[in-house]
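Peer 1: Quick one: sequence and predicted model below, then my questions.
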Amino acid sequence: MNAPQIWIIFPLAFSILIFTIRKKQLLAVYLAGGLCAFLAILAFTVKIGQVFPMGPTSLEINSTMDILGRAFILED
């Protein structure tokens with residue numbers, strides 16, 4: 001997993017979900033606010049480029065994502 005997927009692509013995909021439930025305004029507000037709070041806490045606690053042990057597996061969040069020969073780079 002990489003940082004641009006978490007902080008760029010995931011919120012864009014989530015916004016499509018929120019757009020589909022726009023008639024239920026209160027639910028959409030709570031979902032969007034919850035996602036914003038989750039991403040803010042994640043940004044403060046996660047160091048990009050380090051390996052995080054999660055039980056028997058580990059997770060590394062890379063700082064770059066290549067799309068069509070271009071690199072999206074997010075750094076601390």
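Peer 2: Thanks, I have the structure now.

Peer 1: now stretch 68-76: how far from the chain's centre is it?
Peer 2: When C-alpha coordinates are averaged (CA atoms, centre = their mean, to the nearest Å), stretch 68-76 and its chain have centres 15 Å apart.

Peer 1: C-alpha coordinates for that stretch, PDB please?
Peer 2: What follows is stretch 68-76 as a C-alpha-only set of coordinates in PDB (Å, rounded to 0.1, in the frame of the first residue of the first chain):
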ATOM      1  CA  LEU A  68       1.500   6.400 -16.600                       C
ATOM      2  CA  GLY A  69       5.200   7.100 -16.100                       C
ATOM      3  CA  ARG A  70       4.600   9.900 -13.500                       C
ATOM      4  CA  ALA A  71       5.300   9.600  -9.800                       C
ATOM      5  CA  PHE A  72       3.000  10.900  -7.100                       C
ATOM      6  CA  ILE A  73       5.100  11.400  -4.000                       C
ATOM      7  CA  LEU A  74       3.900  12.200  -0.500                       C
ATOM      8  CA  GLU A  75       6.400  12.800   2.200                       C
ATOM      9  CA  ASP A  76       6.300  13.600   5.900                       C
END
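
Peer 1: isn't Q50 right up against E60?
Peer 2: Yes - Q50 lies in contact with E60 (CB atoms under 8 Å); the separation is 7.2 Å. Placement of C-beta: from N, CA and C, glycine included.

Peer 1: for the residue lying farthest from the centre of the chain, phi and psi?
Peer 2: Centroid-distance maximum for the chain: K23 at 24.8 Å, with CA atoms, centre = their mean. When read as degrees, to the nearest 10, the backbone of K23 gives phi -70, psi -30.

Peer 1: residue ranges with poor pLDDT in this structure?
Peer 2: For the chain, residues meeting the criterion pLDDT under 70 lie at 76.

Peer 1: now the helices for it?
Peer 2: Along the chain, counting by DSSP state H, helices occupy 3-4, 10-20, 25-45.

Peer 1: Using PDB, write out the CA atom coordinates for the last one.
Peer 2: I take that to be helix 25-45. Output in PDB follows, covering the C-alpha atoms of helix 25-45 (Å, rounded to 0.1, in the frame of the first residue of the first chain):
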ATOM      1  CA  GLN A  25     -27.800  14.000   4.600                       C
ATOM      2  CA  LEU A  26     -27.100  13.300   8.200                       C
ATOM      3  CA  LEU A  27     -25.600   9.900   7.400                       C
ATOM      4  CA  ALA A  28     -23.400  11.400   4.600                       C
ATOM      5  CA  VAL A  29     -22.100  14.100   7.000                       C
ATOM      6  CA  TYR A  30     -21.200  11.500   9.700                       C
ATOM      7  CA  LEU A  31     -19.500   9.200   7.100                       C
ATOM      8  CA  ALA A  32     -17.500  12.100   5.600                       C
ATOM      9  CA  GLY A  33     -16.600  13.500   9.000                       C
ATOM     10  CA  GLY A  34     -15.500  10.100  10.200                       C
ATOM     11  CA  LEU A  35     -13.300   9.500   7.200                       C
ATOM     12  CA  CYS A  36     -11.700  12.900   7.700                       C
ATOM     13  CA  ALA A  37     -11.000  12.300  11.300                       C
ATOM     14  CA  PHE A  38      -9.600   8.800  10.500                       C
ATOM     15  CA  LEU A  39      -7.300  10.200   7.800                       C
ATOM     16  CA  ALA A  40      -6.200  13.000  10.100                       C
ATOM     17  CA  ILE A  41      -5.300  10.700  12.900                       C
ATOM     18  CA  LEU A  42      -3.600   8.300  10.500                       C
ATOM     19  CA  ALA A  43      -1.500  11.200   9.100                       C
ATOM     20  CA  PHE A  44      -0.400  12.200  12.600                       C
ATOM     21  CA  THR A  45       0.500   8.700  13.700                       C
END
